[in-house]
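In: output the structure for:
(2 chains, ligands or ions: 1)
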Amino acid sequence: MNLSIRLAHLYPKLMNLYGDRGNIICLRHRCRARGIELTVDELDLGDRLDPQAYDLIFIGGGQDREQRRIVRDLIDVKGEAIRQAVEEGVAALAVCGGYQLFARYYRPAVGEDLPGLGIFDAHTEHPGEDVARCIGNVVADWDGGTLAGFENHGGRTYLGGGARPLATVRTGYGNNGVDKTEGAVYKNAYGTYLHGSLLPKNPRFADHVLRLALRRRYGEVELAPLDDALEEAAHAAAIRVATSR
Amino acid sequence: MSLRVVAAIAAGKLAGTASRAFGRGGGTALPGVVAEKVEPRLVERLAAQLGHGSIIVTGTNGKTTTAHMLSSVAAKAGYPPLHNRSGSNLMRGVATALLDSAGLLGRLSQAERRLGVFEVDEATLPEAVRAIKPRVLIFTNLFRDQLDRYGEVDSIAARWRSTLEAAPESRIAVLNADDPSVAALRESARGPVIFYGVDDRSAALAGPEHAADSRWCAGCGSEYVYDTLFYGHVGHWRCPGCEKSRPQPDVSATSIRLEPGGDTTLSVATPQGKTALSLRLSGLYNAYNALAALAGGLALGFDVETVRAGIEAVDAAFGRQERFEIDGRRVQVFLGKNPAGLNQVLRTIAAVPGEKRLLLLLNDDIADGRDVSWIWDADFELLADGAASTIVSGHRAEDMALRLKYAGFPSDLPVVRGTDEALALALRETPPGEQLFVLPTYTAMLEVRGLLAKRGGAAPYWEAPS
Ligand SMILES: [Zn+2]
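Out: Sure thing, here's the model as predicted:
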């Protein structure tokens, strides 16, 4: 069977702060190695999203200015379609600022709340410019093993009852530095603060995302194993660095 | 001179001597740290003695090389430069450079003839400008760099604006016309502005790079349109929304010839007429550095012939295309510490004909930025096809090896612990007569440069003649 995945990459130019495109490079590589055809559509300001057309939605992080630029478009132009897609089981991965925008709202230290899509039952508060940002290497445990990455965010995210955390923090801050949660999961949508880039050095999580993307059209798919020696070495090195300092 | 200044100098010099005696390297920052503890206004007190004032260079990329060129210009003009030449560009580095030239009684040597040439970290700029009170301030470019350390690009731009808004009207701003976020500083400058830029469109890129940051107009938010893009977001830009556009440069490269891996020659139009520059450095980014230095030299009041001669006399600043000869192999070190800067390096190396031998060193110390995710924004794909041998090392060697695998390099690249071992292997992989390109991050550069200097007999930077 010829498998294919259609990926909607939201605002690739505006929301690409911490090497987020590494995640796309990784997905391309892991699909190509298995003969899965991956098509990436870059959706910018003004572009509509067909909720039936995609298997996977990706959004990266951005500076404050960029998040403010996209928020109206995200909610007014694409919001309904993204919510519908996620409800129907489409996979999504939202990193850092994108994760915040996929939650209910972002409350800055000063000024008005920035609304979000409300896919994750979570909200983010910025404790003020005089409070240190959450910056550093992160190691967290999720259902499929460990996640290793780097976080850099001022806002603290708190989960409500309708979202479950993606992972439990071992080293680092995660969502808020207090409750040891990292990221959020709703159906097949995942939010996380980890960049680094996340997927290249977390190959098991990358494959998990690919399986979710394939599930809607093909059911459970067995992915051919790849030679992940280097990926696992980078994963182990990131954990070593995070836990030794 | 106040007693406190004298005490601060004594303490700082003692710290430097002790640091060197214990083999702790150059002591390019420690003396300044110690001395500033004793007298926090030390930089201000010492810089005030500089008879010809100071020039400051800041920006994401190009500071060290541009300051190096200006230092040479000052020397050619007969004003002994006082220069933080080791690239130690925080306040403590500036303080250390001043200390090194101060006598025990707090007087700078040859003070009345001296010109201060300081490269200053982009985030440290406000503090440095308050203390040094430069005559001329050069801004090279603004790109994302170590976001864990500097914060977001916008916050750096805001600091620059407020620095210029607080400056006296006599201070001259030298701005890169081709970087829209730097050119926009014109609106904050209270004194004269000199623009530099590249008019030769043949140096343009075929397509856009990922490492572009200022894509949207700071005034109206529209996306800039480029007639010509040279690198990142640097080029001939205009805003379709508010009609802001690239200013016509006062100092402009009307033609650039980039010899792959070799010299760079420029024809430059200046307010003092046409001149030609021949650089012993490669790559478009060094053409920009030379234009910045040329505009800065003219802003200081030097005649164009002196400035030209000063710039042309410059060889590589340390770690920036610096060359070593090791056992018949040519070794060249290209510092790469952020996506935009590294892309320029990758393009420059890719333009050299023939197969390449590479040593890449990725560290994540504080001075490098703890976050290594930036390597995913650099276009290593440019070198994937031409690499005959590639060795990877540094604290985050595995991250680099993975990035290279996904850029199309082999997946079994040697990952070597220890810079010494990695360098030895890379040299073994380089046949005599061939060239080895070393691409380190900042702290890895200090280390590998030290090793190369030891093997090749060049002086370590803290012993370099000033
Ligand atoms: Zn505009």
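
In: going forward, measure contacts and count neighbours with C-alpha atoms only.
Out: OK.

In: residue ranges with poor pLDDT in chain B?
Out: Counting by pLDDT under 70, the ranges of chain B that qualify are B:1, B:21-27, B:148-151, B:457-466.

In: try it again with 50
Out: Scanning chain B with the threshold set as pLDDT under 50 gives B:460-466.

In: what about the longest helix in it?
Out: helix B:3-21 (DSSP state H).

In: residues contacting the helix or strand following that one, please?
Out: Heading C-terminal from helix B:3-21, the first helix or strand you meet, by DSSP states H and E, is helix B:30-38. Among residues not part of helix B:30-38, those counted as contacts by C-alpha atoms under 8 Å, 6 or more residues apart in numbering or on different chains are B:4-5, B:7-16, B:19, B:42, B:91-96, B:99.

In: next, the buried residues of helix B:30-38.
Out: The neighbour-count check on helix B:30-38 (16 or more other C-alpha atoms under 10 Å in any protein chain shown) flags B:30-36, B:38 as buried.

In: quick one: that helix to chain centroid distance?
Out: From the chain centre to the centre of helix B:30-38 is a distance of 24 Å (C-alpha atoms, centre = their mean, to the nearest Å).

In: got the angle for that helix vs helix B:3-21?
Out: 150 degrees (axes from the mean of the first three to the mean of the last three C-alpha atoms, to 10 degrees).

In: CA-only coordinates of the longest helix of chain B, as PDB, when you get a sec.
Out: Output of helix B:3-21 as PDB, limited to C-alpha atoms (Å, rounded to 0.1, in the frame of the first residue of the first chain):
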ATOM      1  CA  LEU B   3      42.600  56.600  44.800                       C
ATOM      2  CA  ARG B   4      39.800  54.200  43.900                       C
ATOM      3  CA  VAL B   5      40.800  54.100  40.200                       C
ATOM      4  CA  VAL B   6      44.400  53.400  41.300                       C
ATOM      5  CA  ALA B   7      43.300  50.600  43.600                       C
ATOM      6  CA  ALA B   8      41.000  49.200  40.900                       C
ATOM      7  CA  ILE B   9      43.900  49.200  38.300                       C
ATOM      8  CA  ALA B  10      46.300  47.500  40.800                       C
ATOM      9  CA  ALA B  11      43.700  44.800  41.600                       C
ATOM     10  CA  GLY B  12      42.900  44.200  38.000                       C
ATOM     11  CA  LYS B  13      46.400  44.000  36.800                       C
ATOM     12  CA  LEU B  14      47.300  41.600  39.700                       C
ATOM     13  CA  ALA B  15      44.300  39.400  38.700                       C
ATOM     14  CA  GLY B  16      45.600  39.300  35.100                       C
ATOM     15  CA  THR B  17      49.100  38.400  36.100                       C
ATOM     16  CA  ALA B  18      47.900  35.700  38.400                       C
ATOM     17  CA  SER B  19      45.500  34.300  35.700                       C
ATOM     18  CA  ARG B  20      48.300  34.100  33.200                       C
ATOM     19  CA  ALA B  21      50.800  32.700  35.700                       C
END
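
In: B:Leu298 touches B:Arg308, doesn't it?
Out: No - with contact defined as C-alpha atoms under 8 Å, B:Leu298 does not reach B:Arg308; the gap is 10.1 Å.

In: out of the contacts of helix B:30-38, which are buried?
Out: For those, buried by 16+ other C-alpha under 10 Å: B:4-5, B:7-13, B:15-16, B:19, B:42, B:91-96, B:99.

In: in the helix or strand bottoming out on mean pLDDT in chain A, what's buried?
Out: One helix or strand of chain A scores below all others by mean pLDDT, DSSP states H and E: helix A:64-72, with a mean of 87. Neighbour-count burial for helix A:64-72, counted by 16+ other C-alpha under 10 Å, picks out A:66-67, A:70-72.

In: now it: how far from the chain's centre is it?
Out: From the chain centre to the centre of helix A:64-72 is a distance of 17 Å (C-alpha atoms, centre = their mean).

In: now the angle from the helix or strand following it to helix A:64-72?
Out: Counting by DSSP H and E, the next helix or strand C-terminal to helix A:64-72 is helix A:79-87. Helix A:79-87 runs at 90 degrees relative to helix A:64-72, counting by the same axes, to 10 degrees.

In: report whether B:Ala388 is found in a helix, as I expect.
Out: No - applying DSSP: H, G, I helix; E, B strand; the rest coil, one finds B:Ala388 to be strand, outside a helix.

In: neighbours around A:Glu87, how many?
Out: Around A:Glu87 there are 15 other residues, counting by other C-alpha atoms under 10 Å in any protein chain shown.

In: distance check, it against A:Gln52.
Out: Computed as C-alpha to C-alpha, to the nearest Å, the A:Glu87 to A:Gln52 distance reads 11 Å.

In: also B:Ser214?
Out: Plainly put, B:Ser214 is 34 Å away from A:Gln52 if you go by C-alpha to C-alpha.

In: comparing those two, which shows the higher neighbour count?
Out: B:Ser214 (21 against 12).

In: so the more buried one touches B:Ser181, yeah?
Out: Yes - if you go by C-alpha under 8 Å, B:Ser214 and B:Ser181 touch, sitting 6.3 Å apart.

In: pull the most distant pair out of the buried residues of helix A:64-72.
Out: Greatest spacing in the buried residues of helix A:64-72, by C-alpha to C-alpha: A:Glu66 and A:Arg72 (11.4 Å).

In: which residues touch stretch A:211-221?
Out: Residues contacting stretch A:211-221 (C-alpha under 8 Å, 6+ apart): A:3-5, A:55-56, A:89-91, A:188, A:223.

In: OK, contacts around the spatially closest residue to B:His395 that is not a sequence neighbour?
Out: In space, and not counting its chain neighbours, B:His395 is closest to B:Asn363: 4.9 Å by C-alpha to C-alpha, 6 or more residues apart in numbering or on different chains. Listed by C-alpha under 8 Å, 6+ apart, the contact set of B:Asn363 reads B:394-397, B:440-444.

In: what's across from B:Ala173 in the sheet?
Out: B:Leu137, B:Val193 (DSSP bridges).

In: state the distance from it to B:Arg449.
Out: 34 Å.

In: what of A:Val185?
Out: Taken as C-alpha to C-alpha, the span from A:Val185 to B:Arg449 is 47 Å.
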